[in-house]
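K.L.:
Sequence first, then the predicted structure, then my questions.
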Amino acid sequence: MVRAAHLRLSAAAALAVTAAMGVLRAPVARAAEAPPVRLAGFTLQSGQLLLSVGLQDLFGPSEREHLKSGFSTRVLIRVAVEDQATQEPVAVAVQRAEIVYDIWDEKFSVRTTRGLGAELRVLANNADEAIWRAATLVQFPVADTARLRPGGRYVVLVRADLNPISEDLQAEVRRWLLQPARGQRRLGAGDSFFGSFVSIFVNPRIEDSDRQVRFVSQPFLFTGPLPAPPAPERGPKP
């Protein structure tokens with residue numbers, strides 16, 4: 001469980017959450033067109049900041065119908081954690097998914113991969129379940145807490161693409177995932193992968209997929225890592 005004292009929404013964030021239910025758009029200085037705010041869930045676990053948020057609206061009616069065509073449907077979700085004080089990224093995470101309909105078994109095969117993790121394969125009984133598995137982030141690790149400043153205020157930038165059509169984009173994702181220093185160095189605007197991510201995040205007119213969803217989370221305040229549990233008391237010596 002996460003203690004609220006260590007990860008909480010500020011008063012301004014609460015206002016942003018309320019406004020996200022309407023039409024208010026969050027100000028993003030670099031964006032020519034500000035992305036919408038979407039309420040996301042955050043927890044801390046084992047030194048990781050975990051994100052939970054749905055992106056099922058990536059699929060419209062025609063995209064849902066296409067799921068039963070027998071052709072694969074691919075989903076690419078990119079997430080960046082941004083320090084609001086510096087407007088610089090501190091971490092980037094990626095999830096990829098593929099949905100294929102088996103016309104004989106009448107089930108959907110869904111394969112998902114988080115970063116360089118193992119591929120997870122499951123069968124979904126219907127389109128709703130397949131979309132949920134491919135386009136929902138549940139307890140998704142987005143940053144090591146060591147990258148976050150105690151007292152720092154952060155937001156999470158999210159973009160999902162349906163059927164990415166750019167070979168360069170897919171190659172860039174693979175190159176970034178294989179960088180040996182990805183976990184040790186601090187990301188910056190000069191990072192080639194993040195630089196390309198920022199350009200497509202702030203410019204929705206860049207069309208490199210069939211359909212896209214982009215948004216920014218409500219801001220949250222990181223007040224520090226959870227304290228270590230107390231050492232167990234030693235019993236009397238025999």
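P.N.:
Sure thing, it's come through.

K.L.:
partners of the biggest strand by length in the chain in the sheet?
P.N.:
Using DSSP state E to define each element, the chain has its longest strand at strand 88-102. Here strand 88-102 is paired, per DSSP bridges, with strand 73-83 (antiparallel), strand 107-114 (antiparallel).

K.L.:
Adding mean neighbour count, write those out as a markdown table.
P.N.:
C-betas here are computed from N, CA, C, even on glycine. What follows is the strands paired with strand 88-102, written out as a markdown table (neighbours: other Cβ atoms under 10 Å):
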| stretch | mean neighbour count |
| --- | --- |
| strand 73-83 | 22 |
| strand 107-114 | 18 |
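
K.L.:
can you give me the strands in this structure?
P.N.:
Going by DSSP E, the chain shows strands at 7-8, 37-38, 41-45, 48-54, 73-83, 88-102, 107-114, 120-124, 136-144, 152-164, 209-217, 220-222.

K.L.:
what would the ones you listed look like in TSV with distance to residue 63 and mean pLDDT?
P.N.:
Shown next, in TSV, are these (distance: least, Cβ to Cβ, whole Å; pLDDT from 0 to 100):
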stretch	distance to residue 63	mean pLDDT
strand 7-8	34	58
strand 37-38	19	93
strand 41-45	25	93
strand 48-54	16	95
strand 73-83	7	91
strand 88-102	10	89
strand 107-114	13	93
strand 120-124	15	95
strand 136-144	15	93
strand 152-164	6	90
strand 209-217	6	86
strand 220-222	31	92
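
K.L.:
So for residue 144, which of the strands paired with strand 88-102 sits nearest?
P.N.:
Nearest to residue 144 among those is strand 73-83; the distance by Cβ to Cβ comes to 10.0 Å.

K.L.:
what is the orientation angle of that closest one with strand 209-217?
P.N.:
Here strand 73-83 runs at an angle of 30 degrees relative to strand 209-217 (axes from the mean of the first three to the mean of the last three Cα atoms, to 10 degrees).

K.L.:
In JSON lines: the strands paired with strand 88-102, plus distance to residue 209.
P.N.:
Listed next are the strands paired with strand 88-102 as JSON lines, based on distance: least, Cβ to Cβ, whole Å:
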{"stretch": "strand 73-83", "distance to residue 209": "8"}
{"stretch": "strand 107-114", "distance to residue 209": "17"}
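
K.L.:
Among those strands, which comes closest to residue 210?
P.N.:
Going by Cβ to Cβ, the one of the strands paired with strand 88-102 nearest residue 210 is strand 73-83, 9.0 Å.

K.L.:
what number of residues lie near residue 117?
P.N.:
Per other Cβ atoms under 10 Å, the neighbour tally for residue 117 reads 10.

K.L.:
Next one, pLDDT for it please.
P.N.:
Here, the pLDDT recorded for residue 117 equals 77.

K.L.:
How about residue 201?
P.N.:
57.

K.L.:
Could you do the one 5 residues further on as well?
P.N.:
On the pLDDT scale, residue 206 is placed at 52.

K.L.:
Now do the same contact list for residue 95.
P.N.:
Counting by Cβ atoms under 8 Å, 6 or more residues apart in numbering, residue 95 makes contact with 75, 76, 77, 79, 112, 113, 114, 115, 137, 140.

K.L.:
One more pass at 10 Å, please.
P.N.:
With contacts defined as Cβ atoms under 10 Å, 6 or more residues apart in numbering, residue 95 is in contact with 55, 75-79, 112-115, 117, 134-137, 140, 160.
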